[in-house]
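> give the three-dimensional model of this entry:
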Amino acid sequence: MDKFFKISERGSNVKTEIVAGITTFMTMAYILAVNPSILADAGMDSTAVLLATCIASFIATVIMGLYANLPFALSAGMGLNAYLAYSVVGAGICSWQLALLAVFIEGIVFIILSLTKVREAIFNSIPMSLKHAVSVGIGLFIAFIGLQNSKLVVGGSTLVEMVNFTEKFKTVGIGALLAMIGVFITAILYVRRVKGSILLGIVVTWVLGMLCELIGLYVPDPAAGFYSVYPSFAITDFSKLGETFGQCFKIDFSSVSIVNFIVVIFSFLFVDLFDTLGTLIGVATKADMLDKDGKLPAIRPALLSDAVGTSVGAVLGTSTITTFVESASGVAAGARTGLAAIVTGALFLISMLFAPIFTAIPSFATAPALIVVGFLMFSNIVKIKMDDNNLASAIPAYLCILSMPIFYSIAEGISIGVISYVIINLLTKKYKEIHPVMYILTVLFIAKYIFL
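Numbers count the residues shown, from 1 in each chain. Reported below is the predicted structural model:
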């Protein structure tokens, strides 16, 4: 084991790798509650989504550990699941079955690109300001979804406004209040560097919800979408997986144009590309795994792990699988090899036995996780240079960030960011700042607006 994973060579030991693998799982296990909640809004069965997420996470993470020998864990990416549920299916572009087909095709394309240097070349063509802006914009988008799911933000005369806590207090009001309390709990735990703070925040908020239901402050109203928060301890119904497994191959293009479908695929490709590469480089830097040129030697097998996981996940019934930034928690705990990743992957597989518990977690308990994770992604804004000498790149970054939550679409934010970057730099004669690939992306995005 030591020879295969190079544990001693990288200054670690088996115990450290195991503990670090558990730590990584604790910090990202919230996805098992959040992902079914989000994709259920697209009409998918929550238990099926949880099972698919567990299996796909296990496969992708184990490949990462065995093939790339890196301590990085993978699961359904935050932002990408929201894009599928709200910007694609929720917006009426296509069914969730076709959305999964788009994810499957994206994974196949990435497998091909990961076997070459194309994926890295595309990444290098995009300016850093926009890479950071995409992360920040997705953070705001996720946080906004969390605010809506918890009913803290509702529609009103100003389009969005804070909920009236006294109106329907025993359903909407108490749920929103508990979500707000959950945000503070999660934030305090995170600031105090408590391991698994996001997962603990979900659990504590959920327990508070149980107490409120016990004393009558929270009253379930299934007709209005408010169910009992007490979990079912029944055996996991593994047959539920059949409701999503292979559904991506039941093709029916009668409800969507080919152009729209291609745009969806491209949007998944674009967002996943930067999310994965950015996470790999960021976490690898923290683990001191980059070479003297700032490159990750094992980046190709790492990208392939991500690509295979995405295609497998789509077949099983979940959104894009990507490398999680929470892997940094395991690295901080001493993880340096793929053994830690295998431990994390095994825990995902074991989690399938507790599916009824995860699917019972109410949206007001998972909303704080969305809001806090949104902050973690938003923190990249400090990396965007906004001084007078960098306005030509800062303004497009700002427009990209602003567009995602306002237009309720990650794709729109990316489109506007790329188009504005090329136009502003082109008209201010900063030709050297524009990579040739950016012109191609701009033409494609403009074509989208013309022909959709």
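
> helix or strand next in line after the worst-scoring helix or strand of the chain on mean pLDDT, which one?
Across the helices and strands of the chain, the lowest-confidence element by mean pLDDT, DSSP states H and E is helix 118-125, at a mean of 70. Downstream of helix 118-125, the first helix or strand assigned by DSSP states H and E is helix 128-149.

> past that following helix, which element shows up next along the chain?
strand 153-154.

> what lines up beside that next one in the sheet?
strand 161-162 (antiparallel) (DSSP bridges).

> and the contacts of the strand it pairs with?
With CB atoms under 8 Å, 6 or more residues apart in numbering as the contact definition, strand 161-162 has outside contacts at 152-155. For glycine as for every other residue, the C-beta is placed from the backbone atoms N, C-alpha and C.

> what separation do you get for the residue nearest the centre of the chain and residue 374?
Centroid check for the chain by CA atoms, centre = their mean gives residue 78 as the closest residue, at 1.5 Å. Computed as CB to CB, to the nearest Å, the residue 78 to residue 374 distance reads 9 Å.

> okay, buried residues for stretch 180-191 please.
Buried residues in stretch 180-191, counting neighbours by 16 or more other CB atoms under 10 Å, are found at 180-183, 185-187, 189-190.

> stretch 385-394 now?
Buried, per 16+ other CB under 10 Å, within stretch 385-394: 392-394.

> got the CA positions of the strand or helix carrying residue 176 in PDB?
Here residue 176 sits within helix 174-191, counting by DSSP H and E. What follows is helix 174-191, C-alpha atoms only, in PDB (Å, rounded to 0.1, in the frame of the first residue of the first chain):
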ATOM      1  CA  ILE A 174     -41.000  29.200  11.200                       C
ATOM      2  CA  GLY A 175     -39.200  27.500   8.300                       C
ATOM      3  CA  ALA A 176     -37.600  30.800   7.200                       C
ATOM      4  CA  LEU A 177     -36.700  31.700  10.800                       C
ATOM      5  CA  LEU A 178     -35.000  28.300  11.300                       C
ATOM      6  CA  ALA A 179     -33.100  28.800   8.100                       C
ATOM      7  CA  MET A 180     -31.800  32.100   9.300                       C
ATOM      8  CA  ILE A 181     -30.800  30.600  12.600                       C
ATOM      9  CA  GLY A 182     -29.100  27.800  10.600                       C
ATOM     10  CA  VAL A 183     -27.000  30.300   8.700                       C
ATOM     11  CA  PHE A 184     -25.700  31.800  11.900                       C
ATOM     12  CA  ILE A 185     -25.000  28.300  13.400                       C
ATOM     13  CA  THR A 186     -23.200  27.100  10.200                       C
ATOM     14  CA  ALA A 187     -21.200  30.400   9.900                       C
ATOM     15  CA  ILE A 188     -20.100  30.300  13.600                       C
ATOM     16  CA  LEU A 189     -19.000  26.600  13.300                       C
ATOM     17  CA  TYR A 190     -17.100  27.400  10.100                       C
ATOM     18  CA  VAL A 191     -15.400  30.500  11.600                       C
END
